[in-house]
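> The sequence isn't on hand, but the structure is:
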Ligand SMILES: Nc1ncnc2c1ncn2[C@@H]1O[C@H](COP(=O)(O)OP(=O)(O)OP(=O)(O)O)[C@@H](O)[C@H]1O
Ligand SMILES: Nc1ncnc2c1ncn2[C@@H]1O[C@H](COP(=O)(O)OP(=O)(O)OP(=O)(O)O)[C@@H](O)[C@H]1O
Ligand SMILES: [Mg+2]
Ligand SMILES: [Mg+2]
């Protein structure tokens, strides 16, 4: 049966990963009809939501982990996958289990998680540091210290794309890696506006201001263009999720020799578990519904998990798969995961609305050097105060 | 109701929004009559015609055509044909198509259509033009096609809305004659709108003179010309305009005379409608051709005047004279010439003059 | 060069691309003269006027104004003022601004501007209108403002391009008189383009009749009317048109007579330009007012005719008669009425007739 | 038959029935889509609808938040700057080009086509091309620097202070051709005699244009204004394609705010509040104009 | 002959015997390089350069290879002309798993374009005709609403339209998309048609009514044949609008109908490392080709139609 699947995975590594998924699904005798929408989730999501609410849903669609599809489920537009989950013993194999929590609404499971993405990575270009004649830094603080040397060598210290979500991600990463788990949970989980406006958070904003100076002059829009700057040694480093890994891989670069990766910015070992999941709109056609179940099972299947995540550069959602083929960076991530040093991602803790407001703030802050960290923090505290 | 009425309009009113264009208008047009609606621009002539045609809905009142109440009927069902000022030929169709369009729309059989078209074409002598498009015709030919379009419809009433006013003077006078001929041979009722008085005078059996939506006088051309009902009609008809002298009636001798600017004019020969009271303020109207100059004066009194301007017009010669403060226009034969500044003597032909009340402006 | 020439045009040619509109045209206009350019539509009247004004560049030839060669000068430096058919008033300016705009641009002192504007306004009697905008004026008032705009410029030569043709008949005849008065008081040279022969006849000192870019006859109105140079001029002037009878000359008795359709007409009284040869094919032209009917016939021969159509025109009555296969129009007094179909006798006034060669169409 | 009463008047509803039937699509679009959609939008702007419209009213909360948002304020400011400048420049550039084209020039067709062709391209394409031409690394700046002026700086799209002008450059490139065409058509509609009268009066060319011709072209200016203004309010694609609202939020516009909050932030209520504000602005500008244009002369 | 017939009075003969006097005669000589011409053509040429520059850059870049693009100078002509970017853009560029470039979207665009243009113009022209010639109570009110509708940002209307289309069951179909294009083309097109039909002589309409033609007969047999210019304008506006549309194409249809612009967006936005500017430019040119061709073929009619339809307000 033909099943149309919409997603926004269009960059090199992403597309390769989708290819694996499609291959696995086609192997079950069904047909994957690709509905890629380029331009990241912010372009694609409105289209997906319109189609689902408009009564012409696709067979399956990607969303991020979190609350993006909550209301669609509540409206009864999504297919209940509990049966598939039980058959596949998802509750037992999926790790961390919090991933499944965000798929669970009213005790029923509505989505199939496919990968884990963590934001807290610092990607460094070994070549760039060699050119600048400094050691490749071991953590964020060292990285900040090398900035003048890089600049002198005509190298952009920090690459940062212009899209708002990148600035926002950088900030969240700084919060976790510099501020630590407690601060992170107080601010985002408990939504404690006092903490958000407090001195702990002020440090984060100071760091963000530093990052702002380092990122000044990276005139690119897309994240992978920023990654490309690191890849070609035009920039020293980039804070970006583990999906950046895929770009290095496609370019044939070797972790450790060509580039370095520092999870948790090399400061502490916490990763958030965001990522992607597939949702299956309720369809009238029985045949298609069956195909949806098959796809859901395929997604969680260990073989698919391995093939997909290797290409994508993300981490698998189950602990029982063997990722011998994984490279150094992924292994570092798997280690942290195994240690259980995971945090729920901001996406899951706050609503898209709050995220958007944060994004607006951060993109303004990072683009405009005239906004003081103090002023930004005050606005941040306001957002947290009204967050939901 | 008199059976001979072809078109009959009862208490017709029409307003555009708050502007009343026609008000309580009544008009009966006899079968086979050629009626001309004459009036200055904007007086509501076209509006009235459009009401008769069914292209505008009256606000109130009724319209009868051939004794049938057609107030609410579609234009095509009224038995009328209409010819427009701008011809309104369908530019993309040949003359033949233009003529037959209405018939084809009505679904007439082909041979009947062909018969009617060829009859109309022969009446109007446009057979050689049948295959041409309107753009390839001259103004006069276009006008003929436009008439033909009404002709093929075999209607009882023809409506013309200033059909000649886009043409030049020469063509206008030729087509005028043709329309007159057409009417004589077809004997249909024709209602003809114009603001050209020559057209009105030459074509009409009766003329209806309109002013701001009201019919001022409805009469045959001679009566209208010679015995205008009021000062508006008198001034509107005739070119150059009738001369008006303001003054008052005075008793002189055993009769009543007209006094203006020091001069007094005997009213001998004037056909009085009502009794003339001395002291009444009146206006005397005399047409330029009813003033005799010098040698032409046939008895009666004569007044002196000075030639101010001379306008030779070929067949005639128009003089503008100064007389006791008034400027008076006089028409003399084309062969008689006068020098500007010359003194002449003039005499009024009172049998052809008109007297109006100064207040009501109605004819006395 | 004769000093009295105000405007003088030498060997003027003008083509639009390959279309020759004017060809080798020569024309001298005397100081203070009122010259009318008369011709049918598209004959090049406006083109000629625009050349004089400097709005079109001639392809060849020269133009002199007041004996100054202005062929290459800007319009504003030629000492001309121009009045357009469509008035061409600046719609967003008041009348006063319209009049003074050109002067202000030229940088005249304010009091001089005020003086000229008020003089023009008083000549044209538009003082009460000075604060209005063109949209708030009637057609005649607009025309006056347009004339005023030329007037304030204190120019030697006035050019008028069909200034009255957008107006209705009544207004036209009024303004005609005013323009004539204006000319009499200003004594400027005026060149006036029209296709209305009444305007031409009444206004002109001399008329230039044009046809396809060529001047056919240049003469004073009476000569043009009574002694047209060729058949085109004869037919173009006069309304209704001159009656033309095709026939030939024949010897009869001791004189030459004109024979057409079986009837023969004596040529007594005709002023012959050249010798008349018997057998020559000619066209006889007689104007409608030079044909006498019934009682008016003063001796001479009479022919019988049938009344076909009668057109009463108020002051006159126009008869269309059938005579020996020709249709002949005759103008009689407005008071004389004839029944259609009646038989009448007619006589031609040969002193006023014209004879044209059938081939060259030139006057004999 | 004189007694036949005027009650023979047929039902007004059925007069010109075909015309009414044929107008149904127009009426439906006007009523259901534009009016209905507007009412619906305004209605839900008082709720706290998230991903899907919900009837939980929160009063004016969404509006308070809207006007407290710095991004919205910047959007409004940007729209004002962009709107006023693009109005002025479109009209001025369009008119000047049209006036030049009206001088009986040679190659008129060629020039006209050159000025008009960008109008055939979408805003996406326009944004893309200009993003590239204005890119400091590849575009004009780098070319001029490579010619020797190494300090030359022209990177409007990466400078928050002038980014909106960078967008304006592209917008004008795309839209002035159409304005030029409209103006040209208007100029050609001016009575030939007016030009002649002005020449005879000795009025210089520029004064003729400024004081006589432009005031006469009022209808053209109005049509043009409607076209440009409706485009200005809707500007979205161009910004997305050129800068995505960046750097930071320096080039945000209201339409983008609406879109982002409706779909990305999944806060329909906020998006609707913003669109209501936009509609309100439009209404304030348009309704008096529409009244003058269509109400004033009913039977045009 | 002309001269002879003007010879009348003695004075005339005097003047003519002297013939042409010395001094200016005929056409005023003009230098080709007069200041006026330099200003005029100079300004026009500079303006033309501004308008042509982006097109030049697009064309030039699309024929360069990537290495050359990286070299930096976007204005230099290609040293080595390559058609590879064009081939890639047309047939090879990937989005997600589909690597058939724009070619797939092209036919979708055509499939969307033709019916949408036809239907939207048909509906708008009939509405404009009804408004101009068959005025009935309230018509102007609807029209005013429609004109105000022209100012509503599309984004605002997406949700209500999704709901409406869902309710009538055409969401996601080609029909639905055609309806959407018709709706959004309605205000401006109706305005154009209304103004145009209103500028035709009313008497034609009256004559046709007297001839007994009804609403549709007048429309098809009288009005349509006279309206070529305005139809050309409407067609150009709609062809550009619909062909260039991205939002509706993607929101209101499903992938098998995605128009070319969606592919363009995908190609342009799914960058792998360095943006392949040459491919992007080729794709851009390919996408813009149809409206551009329509323009170049009908530019003259466009101006005529604008003059007829838009200007007489
Ligand atoms: N559709 C309309 N709406 C409002 N007023 C109108 C309309 N049509 C005509 N009028 C007004 O009605 C009056 C009469 O108009 P109508 O066209 O009947 O005049 P007319 O006598 O035919 O004039 P003309 O000789 O200029 O054709 C005029 O004052 C005109 O302004
Ligand atoms: N700009 C032009 N290009 C080409 N031909 C022209 C142009 N202007 C006028 N003509 C032609 O020159 C001829 C004379 O035109 P002109 O305007 O002088 O006529 P006219 O005598 O003034 O006519 P009317 O009485 O209609 O105003 C016409 O045949 C016209 O078609
Ligand atoms: Mg009328
Ligand atoms: Mg002319």
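Structure received. What you see is a predicted model; the values in this text were computed from it and never measured. Residues are numbered from 1 along each chain as shown, chains lettered A, B, ... in the order given. Ligands and ions are numbered 1, 2, ... in the order given.
> Contact partners for the residue lying closest to residue E:197 once chain neighbours are set aside?
Leaving aside its sequence neighbours, residue E:197 sits nearest to residue E:132 (Cβ to Cβ, 6 or more residues apart in numbering or on different chains; 3.7 Å). The way it works is simple: take the backbone N, C-alpha and C, and place the C-beta from them, glycine included. By Cβ atoms under 8 Å, 6 or more residues apart in numbering or on different chains, the contact set of residue E:132 is E:193, E:194, E:195, E:196, E:197, E:198.
> So which of those residues are in helices?
Here DSSP state H is the test, and these give E:193, E:194, E:195, E:196, E:197, E:198 as lying in helices.
> now, among those residues, which is nearest to chain D?
residue E:198 (6.6 Å; Cβ to the nearest Cβ).
> Relative to residue E:134, how far out is the closest one?
12 Å (Cβ to Cβ, to the nearest Å).
> Tell me the backbone dihedrals of residue A:198, please.
phi -90, psi -180 (degrees, to the nearest 10).
> The one helix or strand residue E:293 maps to: how far from the chain's middle?
For residue E:293, the host element (DSSP states H and E) is helix E:277-309. Here helix E:277-309 is found 7 Å from its chain centre; the criterion is Cα atoms, centre = their mean, to the nearest Å.
> centroid residue for the chain?
All of this refers to chain A. residue A:117 (4.5 Å; Cα atoms, centre = their mean).
> wait, I meant chain E there
With distances taken as Cα atoms, centre = their mean, residue E:236 lies nearest the centre of chain E, 3.4 Å away.
> Residues in a beta bridge with the residue nearest to the centre of chain A, which ones?
Applying DSSP bridges to residue A:117 gives these bridge partners: residue A:274.
> And it, how far from chain E?
Separation of residue A:117 from chain E (Cβ to the nearest Cβ, to the nearest Å): 18 Å.
> Which single residue of the stretch 101-250 of chain B ends up nearest ligand 1?
Here the residue of the stretch 101-250 of chain B nearest ligand 1 is residue B:195; by Cβ to the nearest ligand atom that distance is 4.9 Å.
> Identify the residues contacting the residue lying closest to residue E:184 once chain neighbours are set aside.
The shortest distance from residue E:184 to any non-neighbouring residue, by Cβ to Cβ, 6+ apart, is to residue E:154 (6.6 Å). Contact analysis of residue E:154 by Cβ under 8 Å, 6+ apart lists D:234, D:236, E:184, E:247, E:248.
> How about residue E:278?
With Cβ under 8 Å, 6+ apart, residue E:278 has these contacts: E:61, E:62, E:63, E:64, E:65, E:66, E:69, E:85.
> Buried ones among the residues you listed?
Neighbour counting with 16 or more other Cβ atoms under 10 Å in any protein chain shown marks E:61, E:62, E:63, E:64, E:66, E:69, E:85 as buried within those.
> Just confirm the third one contacts residue E:87, I think it does.
Yep, that's residue E:63 we're talking about. No. In this structure, residue E:63 is not within contact of residue E:87 by Cβ atoms under 8 Å, at 11.8 Å.
> What about contact with ligand 2: does stretch D:104-120 have any residue there?
No. Applying Cβ under 6 Å from any ligand atom, one finds stretch D:104-120 separated from ligand 2 by no less than 10.2 Å.
> tell me how far the ends of that stretch are from each other?
Taking Cα to Cα, to the nearest Å, stretch D:104-120 runs 26 Å from one end to the other.
> For the residue nearest to residue E:184, give its distance to residue D:236.
From residue E:154 to residue D:236 the distance is 8 Å (Cβ to Cβ).
> go on, residue E:301?
Residue E:301 is 30 Å from residue D:236, by Cβ to Cβ.
> Ok, residue E:44 next?
32 Å.
> Equivalent analysis for residue B:332, please.
Counting by Cβ to Cβ - residue B:332 and residue D:236 are separated by 81 Å.
> quick one: residue B:97 and residue B:91 touch, right?
No. Using Cβ under 8 Å, residue B:97 is not in contact with residue B:91; the gap is 11.0 Å.
> residues near residue 84, how many?
Unless you meant another one, I'm taking chain A. 21 (other Cβ atoms under 10 Å in any protein chain shown).
> actually it's chain E I care about, not the one you picked
16.
> Which stretches in the stretch 1-150 of chain A count as strands?
Taking DSSP state E, counting those that start in this stretch, the strands of the stretch 1-150 of chain A run over residues A:2-7, A:31-36, A:60-64, A:104-105, A:108-109, A:111-117, A:121-125.
> ok so, going back, which of the residues in the helix holding residue E:293 are buried?
Buried, per 16+ other Cβ under 10 Å, within helix E:277-309: E:277-288, E:290-292, E:294-295, E:298-299, E:301-309.
> Just the element for residue B:64, please.
Counting by DSSP H and E, residue B:64 is found in strand B:60-65.
> just checking, what packs against that strand?
strand B:5-16, helix B:45-53 (3 or more Cβ pairs under 8 Å, 6 or more residues apart in numbering or on different chains; DSSP states H and E).
> residues from the stretch 201-350 of chain B in reach of chain A?
Within the stretch 201-350 of chain B, no position lies close to chain A (Cβ under 8 Å from any Cβ of the partner chain).
> For the stretch 201-350 of chain B, which segments are assigned as helices?
Applying DSSP state H, counting those that start in this stretch to the stretch 201-350 of chain B gives helices spanning B:221-226, B:231-236.
> so how far is the last one off the chain centroid?
In other words, helix B:231-236. That offset, for helix B:231-236, works out to 12 Å (Cα atoms, centre = their mean).
> and stretch E:116-128, which residues are buried?
E:116, E:117, E:119, E:120, E:121, E:123, E:124, E:125, E:126, E:127, E:128.
> correction: stretch D:105-124
Applying 16+ other Cβ under 10 Å to stretch D:105-124 flags D:108, D:111-124 as buried.
> On the pLDDT front, check the residue in the stretch 151-300 of chain B that chain A sits nearest to for me.
In the stretch 151-300 of chain B, the residue that lies nearest chain A is residue B:153 (55.0 Å; Cβ to the nearest Cβ). Among the per-residue scores, residue B:153 holds a pLDDT of 86.
> Spatially, and excluding backbone neighbours, which residue is closest to the residue positioned nearest the centre of chain D.
Per Cα atoms, centre = their mean, the C-alpha nearest to the average position across chain D is that of residue D:231, at 2.1 Å. Leaving out its chain neighbours, the residue that sits closest to residue D:231 by Cβ to Cβ, 6+ apart is residue D:175, at 6.6 Å.
> before we move on, the earlier item: can you confirm the residue nearest to the centre of chain E is in a helix?
Yes. Assessed by DSSP: H, G, I helix; E, B strand; the rest coil, residue E:236 belongs to a helix.
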